[in-house]
Each structure stands twice: as C-alpha cells, then as structure tokens.
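Student: Sequence first, predicted model second:
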Amino acid sequence: MTLTRRRFGALLAASAALPALPRLARAATDPIMIEARPGPAQLLPPPYPATPVWGYDGTAPGAGIRMMQGTRLERRLLNALPEPTSIHWHGVRLPNGMDGVAGVTQAPVAPGDSFDYAFDLPDAGTYWYHAHRSSAAQVGRGLHAPLIVEEREGLRPDVDDEIVAMLGDWRLNRDGTQVLDFDAPHDASHGGRHGNVVTTNGQVEASHPVRRGDRLRLRLINASNARIFELALQGMNGWVVALDGMPLPTPRPLETLVLAPAQRADVIADVTAEAGEEALLIRHEREPVVQMAFPVRAGTAAVRLAPAPLPPNPVPALGALADARPLRLVMEGGAMGRMDGARVGGQRAGFREMADAGFYWAFNGRADWTAADAMAPLAELAAGETVRLAIENRSNWPHSMHLHGMHFHEIGASGTLGDLRDTTLVAGGATVEIAFAAAAAGDWMLHCHMLSHAASGMMAFLRVAA
C-alpha cells in the first residue's frame, strides 16, 4: 500500500488527547465559562503563520469537556464574537430549552451577552458541541469541540490509552488565512463545502506515541462541514464498539469505517506494529492518506481477546414497529437534480427564484420550514410515541441527516432494527428508514449536517407535544 504524507514541513508531534476545559476564576456558584471568541490556531506547521479562527476560548477545535455519566453539565457561554451565536450539544438527550438552536429553542446570544446551559448527562459516549447559529460559517471558522461522557466507575473498558481524534477540514489561502466563502452557491448546491487542508485535532499531521501491544480507545469525531471520511487502520487490529455515542450489542471488527459529517465512532484497537514502526489511522481518497500516526515504542506482543461490549445506555425502548406512526421525508434539489421548484414564503417558487433567495433544496416540497415568520413542524408527535420515518433522497448528492434530542434505529430491508445513531448518511437516490421514540416536549431539529445544505433549505423540525 502506498501512503501519502501531506507534509507542509517539519511538524512537531503532539499528543492528540484533548485537555478538559480549564476552570477560570469564578464565584463558587457560577458555572464554568466557555468564551466564544477570535483567536489563532496553528493549523499549518511553522513557518506558516497561525490561522485566525473563531473558537471556544479562542482555540480550534476547542478544549474538550470530559464528564461522568449521570452527572450534570453546567457551562456559561460568553459571546465575544462580533455576531450572535449559540451552542448545540450534539447527540445529547437533554431538555429542549438546552438544545442550543438559535431562534428555535433559545434566543441567539448577542455579542457581549451570555447564556447558561445546565442539563444532566444520561448517556455515556462520544459527543461534541458546536455553534448552531449561522452554522456553516461558525462551525467552519472553528466553533466546535469534543464532549466525552465517561461510563460510570467500574464499567469502562480495560484500555492502556484513550485518544480523542476530532477530524476536520479547512479551506485556507496560501498565507494560512481562511477562505471565508461559507455561502458559496456552488458548495451549497453540490456536495457541500470541502476544505483543502485536512486535520486531526487542528493538526495537519497529528501524532500520538504508543507501545507495541497497547490496547487503545479511539474516539473519532467528524467535525467537517461536508467531508465524508472513509477510514481504516494499519498496524492495529480494531473493533467498532459504539456509533454516535451508542454502544453496539457486539463489537464489530473494523475493516473500513465511514464517518459522515457529525457522526462519531468509538474503536478499540490493539497495536500490532513493531517497535520503531508507526501504526496508522488512514483515510481513503484517490490513494490512502495518513490521517493520524502512532509511533510505536517497545512493548509486549501478547495477543488479547476481542473486547467485550460497552454497557448499554438507557435509551427509551421502541414500541411495536407495526403500530408505529409512519412519516416520510422527501429530499429534493441540488445541482443536476430534477426539482423544478418548491414553496418559499408561502408561495410556489421556481428553482431559479429559489436560488436567487439562497435555497437549493426542499423537504416535502418546502424550502423554508424554519422561516421566522412562518415556522411549521414537519409533524406533531406525542412524547414517547414510536415513529417510523422514511427518508427518501431524490437528489444526486449524499446527505448526512441529524435528528436532535433523540437516537434512532436504522431499519434493515427485512425490518430488523439496526444500529442506534443520531446521524445517518443517505446516499443519492437512496431511502433510509429510521425508528425512534419521540423525546421530551419541544421543537427538535431534523436537518442535513452538510452545513451548506442546511443553510440552503435542508432544515426542518419535529414538534413533540407535552
């Protein structure tokens, strides 16, 4: 196998493990503060200059939060940006008022203002937090960070090391500054915004030393705007043990792992490479490319048994699928599509008129479900109701569909329940069926997490009654 290192020069290797958010000076009763503000990020190695970003506490990706399952997360967002923002806690089951969708579940946090987030963490797993106002631009500028919820004491897997790997990409100029074309029509109407620099934890070439025979827990997070990562391991034997924070009933040997935007995976991997070699996380493009390297030191060659399943999370059980409420979401639009128009502003608009208004996509024939003057849900549900939703993609492009506040089972062709997820990849021309139990009362977003698509018509919500 030929591997390409996209080296920009000598890069100092640094640990990929992300630190916990530091506690700032505060009153005993105040929550820990997260400040959204501009700052520098050394995305490219010296002698390239640091890249100006927007980040949590000025770094991109932001500092990771690490909590224990069953504890309460309390954070105060202080907005030091020149525009409003908010934080969405991606994949976390929480009260609707804490979901962080500006203009839907909370008012946008204006420059200089703050907002207190406080909610319990019922599920262990790998999650993340990111801006949810002007998301294509704000997440793209750097407003994203990991949220790790550890299993309770005594229930964690037996590993030698744990590594959080937040995968992202950036569109940079030659001088290291960001290309700020987050509303580019071509990106919005095609496959979304792809960058020209791919990073792990904000590094072009991330590295983390290991020993031969180490058992690692890799927490992989796709924080990119639109890039789909096809990943594999070299010099390691791996098993996927969780997807989108939810443990698999049986660990699954890892051959190739596809992570769409916003998806996560927990992987248990045993290092088999010899001392002095490198174990690798690679991504497949036109040729295999190193995503992250693990220089191997001397250790043991002992062979371990396959890992045991992680303890399941207390996700509400589904009712009988035969009695589930059927819903259908038809996605249309985009370049080279067959959609000739959709409803915008209460009236039928042709595709050219839609494009002039910044819309290229539609759900069930409507492009502006979240318009401030005419918000309407795709469906109204009762709390606890079992829903069976078919997502039909009539476009030529893949879409990474995320449901807020709930996890769902993908339903197999034979009607069997598949993996629990909060984000599913729907290929062009394909239909994916999911089933879920409606969450707590409120308006819960359902949108494409290729964020340029979400900004141009692929965003709606389900209303759950009290």
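Tutor: Here it is on my side, so go on. This is a predicted model, so every value here is computed, not measured. Numbers count the residues shown, from 1 in each chain.

Student: List the buried residues of the strand or helix carrying Met67.
Tutor: Remark: Met67 resides in strand 65-68, with elements defined by DSSP states H and E. Judged by neighbour count (16 or more other C-beta atoms under 10 Å), strand 65-68 contains these buried residues: Ile65, Arg66, Met67. To be clear about C-beta, it is placed using only N, CA and C from the backbone, and glycine gets the same treatment.

Student: Against which helices or strands is the helix or strand that it is followed by packed?
Tutor: Note on strand 65-68: by DSSP H and E, the next helix or strand toward the C-terminus is strand 72-79. Using 3 or more C-beta pairs under 8 Å, 6 or more residues apart in numbering; DSSP states H and E, the elements in contact with strand 72-79 are strand 32-41, strand 65-68, strand 87-90, strand 114-120.

Student: rerun that using 10 Å as the cut-off
Tutor: strand 32-41, strand 65-68, strand 87-90, strand 114-120, strand 125-131 (3 or more C-beta pairs under 10 Å, 6 or more residues apart in numbering; DSSP states H and E).

Student: could you check the angle strand 114-120 makes with that strand?
Tutor: Counting by axes from the mean of the first three to the mean of the last three C-alpha atoms, to 10 degrees, strand 72-79 lies at 160 degrees to strand 114-120.

Student: For strand 72-79, give the mean pLDDT please.
Tutor: Regarding strand 72-79, the rounded mean pLDDT is 98.

Student: List the buried residues in that strand.
Tutor: The neighbour-count check on strand 72-79 (16+ other C-beta under 10 Å) flags Leu73, Arg75, Arg76, Leu77, Leu78, Asn79 as buried.

Student: Repeat that for stretch 268-277.
Tutor: Going by 16+ other C-beta under 10 Å, stretch 268-277 has these buried residues: Ile268, Ala269, Asp270, Val271, Thr272, Ala273.

Student: residues in contact with the nearest residue to the fourth one once chain neighbours are set aside?
Tutor: So that's Val271. Leaving aside its chain neighbours, Val271 sits nearest to Asp214 (4.7 Å; criterion: C-beta to C-beta, 6 or more residues apart in numbering). Contact partners of Asp214, counting by C-beta atoms under 10 Å, 6 or more residues apart in numbering, are 159-161, 236, 269-271, 279, 294, 296-297, 299-300.

Student: cutoff 7 Å now
Tutor: Contacts for Asp214 (C-beta atoms under 7 Å, 6 or more residues apart in numbering) come out as Asp160, Asp161, Val271, Gly299.

Student: can you count the residues close to the last one?
Tutor: Yep, that's Gly299 we're talking about. Each residue near Gly299 was counted by other C-beta atoms under 10 Å, and the total is 15.

Student: Quick check: it touching Arg212?
Tutor: Yes - using C-beta atoms under 7 Å, Gly299 is in contact with Arg212, at 3.8 Å.

Student: So for the two, which residues contact both of them?
Tutor: Common neighbours of Gly299 and Arg212 (C-beta under 7 Å, 6+ apart) are Ala275.

Student: which residue packs closest to the residue nearest the centre of the chain, ignoring adjacent ones?
Tutor: Residue closest to the average C-alpha location in the chain (C-alpha atoms, centre = their mean): Ala262, at 2.0 Å. Leaving aside its sequence neighbours, Ala262 sits nearest to His449 (C-beta to C-beta, 6+ apart; 3.9 Å).

Student: Please give me every residue in contact with that neighbour.
Tutor: Residues in contact with His449, defined by C-beta under 7 Å, 6+ apart, are Pro261, Ala262, Ser400, His402, Thr423.

Student: related to what we said a few turns ago, and the buried residues of strand 72-79 as CSV, adding distance to Glu392?
Tutor: Output for the buried residues of strand 72-79, formatted as CSV (distance: C-beta to C-beta, whole Å):
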residue, distance to Glu392
Leu73, 36
Arg75, 38
Arg76, 42
Leu77, 37
Leu78, 42
Asn79, 38
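
Student: and of the residues you listed, the nearest to Pro326?
Tutor: Distance ranking of these against Pro326, using C-beta to C-beta, places Leu73 first at 35.3 Å.

Student: residues touching that closest one, list them.
Tutor: Contact analysis of Leu73 by C-beta under 7 Å, 6+ apart lists Met67, Phe119, Leu121.

Student: my read: the first one touches Glu151, true?
Tutor: Going back to what we said before, that points to Met67. No - the criterion here is C-beta under 7 Å, and Met67 misses it with Glu151 at 11.3 Å.

Student: Can you pull the phi and psi angles for Leu167?
Tutor: Dihedral angles phi and psi of Leu167 (degrees, to the nearest 10) take the values phi -90, psi 130.

Student: Which residue comes closest to it once chain neighbours are left out?
Tutor: Asn222 (5.2 Å).

Student: ok, that neighbour - contacts?
Tutor: Residues in contact with Asn222 (C-beta under 7 Å, 6+ apart) are Leu167, Phe229, Leu259, Ala260, Pro261, Ala262, Gln263.

Student: And Ala226, by the same measure?
Tutor: Gly191, Gly192, Arg193, His194, Pro261, Met450, Ser452.

Student: what about it, distance to Phe436?
Tutor: Here Ala226 is placed at a distance of 25 Å from Phe436 (C-beta to C-beta, to the nearest Å).

Student: any idea how far stretch 299-310 is from the chain center?
Tutor: Relative to the chain's own centre, stretch 299-310 is displaced by 29 Å; criterion: C-alpha atoms, centre = their mean, to the nearest Å.
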